[in-house]
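Enquirer: next one to model:
(2 chains)
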Amino acid sequence: RKEVEQDPGPFNVPEGATVAFNCTYSNSASQSFFWYRQDCRKEPKLLMSVYSSGNEDGRFTAQLNRASQYISLLIRDSKLSDSATYLCVVGKAAGNKLTFGGGTRVLVKP
Amino acid sequence: NAGVTQTPKFQVLKTGQSMTLQCAQDMNHNSMYWYRQDPGMGLRLIYYSASEGTTDKGEVPNGYNVSRLNKREFSLRLESAAPSQTSVYFCAGSLGGNTGELFFGEGSRLTVL
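Expert: Predicted coordinates:
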């Protein structure tokens, strides 16, 4: 079993709709959680950290469920520019060993 | 602002050849990393350096060596390239500690024939 697993998608989303997807992690000792965004043939960039109480950044909401060992990302009012691959990242402690999921591809269509 | 700079951006090698990927950062990062990205596999950590003068193996270190030349530079060397090392390589830096923010270079696309 992979340490961090994601549905590869693609999730085809009409513009303006809401899309949500999860990421599961296998190590219960994981301490830090993040979502990164990667555009086609570009480098990954941090989208947001995921906190225990859940957090929101504009149209993006991230949740953490420690009991079931998954994190989620919800995108509201999807824009064409949201089309990208979203990478789930899990760390055991301090940021030295971050494990990346394979990514979930999102395609927002007019 | 240069950020994290990798060279070369593209390289084609023949099996058995050697090469070094260079990475430099001007963001005062303590920690630096080398990842490879393959379709469907996500980013896998090859080696990392938590601080100047230290290096540690990641998930897939076989066939690679690294050097943390100073705080700014972290190079990745392939001594005898193999087709299985065809990949996109990303260098990244971070301030370390509990921050999960990695700053990536633009990537180096390596093809081994």
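Enquirer: quick one, what contacts residue 3?
Expert: Using chain A here. Contacts for residue A:3 (C-beta atoms under 8 Å, 6 or more residues apart in numbering or on different chains) come out as A:25, A:26, A:27, A:90, A:99. C-beta here means a position set from N, CA and C on the backbone, and glycine is covered the same way.
Enquirer: wrong one, chain B
Expert: B:25, B:26, B:27, B:103, B:105.
Enquirer: what does residue A:51 give?
Expert: By C-beta under 8 Å, 6+ apart, the neighbours of residue A:51 are A:62, A:64.
Enquirer: work out for me the element the residue most central in space within chain B sits within.
Expert: Centroid check for chain B by C-alpha atoms, centre = their mean gives residue B:34 as the closest residue, at 2.8 Å. Using DSSP states H and E, residue B:34 maps to strand B:31-38.
Enquirer: that strand pairs with which strands, parallel or anti?
Expert: strand B:42-49 (antiparallel), strand B:87-94 (antiparallel) (DSSP bridges).
Enquirer: turn those strands into TSV, including mean pLDDT.
Expert: Formatted as TSV, these follow (pLDDT from 0 to 100):
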stretch	mean pLDDT
strand B:42-49	92
strand B:87-94	95
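Enquirer: mean neighbour count and distance to residue B:74 added to the ones you listed, as CSV?
Expert: Formatted as CSV, the strands paired with strand B:31-38 follow (neighbours: other C-beta atoms under 10 Å in any protein chain shown; distance: least, C-beta to C-beta, whole Å):
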stretch, mean neighbour count, distance to residue B:74
strand B:42-49, 23, 6
strand B:87-94, 24, 7
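Enquirer: for residue B:66, find the nearest of these.
Expert: strand B:42-49 (4.3 Å; C-beta to C-beta).
Enquirer: the helix or strand following that closest one pairs with which strands?
Expert: Where DSSP H and E defines the elements, the next helix or strand beyond strand B:42-49 is strand B:56-57. Within its sheet, and counting by DSSP bridges, strand B:56-57 is paired with strand B:42-49 (antiparallel).
Enquirer: show me the contact partners of the partner strand.
Expert: By C-beta under 8 Å, 6+ apart, the list of residues contacting strand B:42-49 reads A:4, A:44, A:87, A:96-103, B:31-38, B:55-61, B:64, B:66, B:68, B:74, B:76, B:89-90.
Enquirer: how far off centre is it?
Expert: Centroid displacement of strand B:42-49 relative to its chain, using C-alpha atoms, centre = their mean, to the nearest Å, is 7 Å.
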